[in-house]
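*Asks:* Prediction below, plus the sequence it came from.
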Amino acid sequence: MKNTFVLGLTGSIGMGKSTTANIFREAQIAVWDADAAVHELYTSDTDTIEKIFEIAPTSVSVSGVDRKILSGIIQSDKSLLHKIEDIVHPAIREHRSAFVEVCNNTDQKLAIVDIPLLYETEADKWLNAVLVVTIDAETQMKRVMSREGMNEKIFSMMLSRQIPDAEKRKKADYIIETKSIEYVTNQVHNLIKLLVGSR
């Protein structure tokens, strides 16, 4: 049995990462989504919920951790961010490792791990390769500002936590410019052929 080729997918906010991940899913490629994993931890992982309750009790209800409330708390007290990350990151790594193990055990040739802060958390060190999605700054801004609850302050805070797009592109093994759904679909399918065909 060959180990699954694990391709990291990343890109700055508004670059088209979620759309690209969905195209991989539609092509029957297993995708692990960091954002969905966090949602799962915040709504069903008792250990994570209890730890967050200890430092940000008002963000926790019977439904779990409310991400909007937690985000507001972090914006007003930046020191909490590292404490939250110290709770969430190890749990996320465990969740992701379980996904990769399942892919290996079921002989998947290719798997995608969708990680927003991929380079920032040095995930590129254990991945087989990294795909960065990108778009021009004007299109990025339009996409982000069209999201519910988004404003320039939140956008700036999110960008400040991310490695600049140009730097990501320099580090990437593969790059897709998300200029249209048709173009991205074509590029994703070409990349799957390239990676799976050599396995």
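*Replies:* Good, I have the coordinates.
*Asks:* Give me the helices and strands touching the helix or strand Ile69 falls within, please.
*Replies:* If you go by DSSP states H and E, Ile69 is part of helix 67-76. Applying 3 or more CB pairs under 8 Å, 6 or more residues apart in numbering; DSSP states H and E, one finds that helix 67-76 makes contact with helix 34-44, helix 80-105. Quick note: C-beta positions are derived from backbone N, CA and C, even for glycine.
*Asks:* how about 10 Å then?
*Replies:* Counting contacts by 3 or more CB pairs under 10 Å, 6 or more residues apart in numbering; DSSP states H and E, helix 67-76 packs against helix 34-44, strand 60-61, helix 80-105, helix 152-160.
*Asks:* can you list the ones you listed in JSON lines and add mean pLDDT?
*Replies:* Output for the helices and strands packed on helix 67-76, formatted as JSON lines (pLDDT from 0 to 100):
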{"stretch": "helix 34-44", "mean pLDDT": "92"}
{"stretch": "strand 60-61", "mean pLDDT": "94"}
{"stretch": "helix 80-105", "mean pLDDT": "92"}
{"stretch": "helix 152-160", "mean pLDDT": "78"}
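*Asks:* Using CSV, write out every CA atom in the helix holding Ile69.
*Replies:* Output of helix 67-76 as CSV, limited to C-alpha atoms (Å, rounded to 0.1, in the frame of the first residue of the first chain):
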residue,chain,number,x,y,z
ARG,A,67,-17.7,31.8,17.0
LYS,A,68,-19.1,35.3,16.4
ILE,A,69,-19.2,36.1,20.1
LEU,A,70,-15.7,34.6,20.6
SER,A,71,-14.4,36.7,17.7
GLY,A,72,-15.8,39.8,19.3
ILE,A,73,-14.2,38.9,22.6
ILE,A,74,-10.8,38.3,20.9
GLN,A,75,-11.1,41.7,19.1
SER,A,76,-11.5,43.5,22.4
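*Asks:* Could you check the angle that helix makes with helix 80-105?
*Replies:* Relative orientation of helix 67-76 versus helix 80-105 (axes from the mean of the first three to the mean of the last three CA atoms, to 10 degrees): 130 degrees.
*Asks:* as a whole number, average confidence for helix 67-76?
*Replies:* Mean pLDDT, helix 67-76: 90.
*Asks:* list the buried ones in that helix?
*Replies:* 70, 73-74 (16 or more other CB atoms under 10 Å).
*Asks:* go on, stretch 92-109?
*Replies:* 92, 95-96, 99-100, 103, 108-109.
*Asks:* Report pLDDT for the residue positioned nearest the centre of the chain.
*Replies:* Central residue of the chain (CA atoms, centre = their mean): Ile115, 2.7 Å from the mean position. Here the pLDDT value assigned to Ile115 is 92.
*Asks:* so what's it up against?
*Replies:* The contact partners of Ile115, taken as CB atoms under 10 Å, 6 or more residues apart in numbering, are 8-10, 17, 32-35, 37, 92, 96, 121, 123-124, 127, 130.
*Asks:* Of the helices and strands packed on helix 67-76, which is nearest Glu26?
*Replies:* helix 34-44 (16.3 Å; CB to CB).
*Asks:* what angle sits between the closest one and helix 67-76?
*Replies:* Here helix 34-44 runs at an angle of 100 degrees relative to helix 67-76 (the same axes, to 10 degrees).
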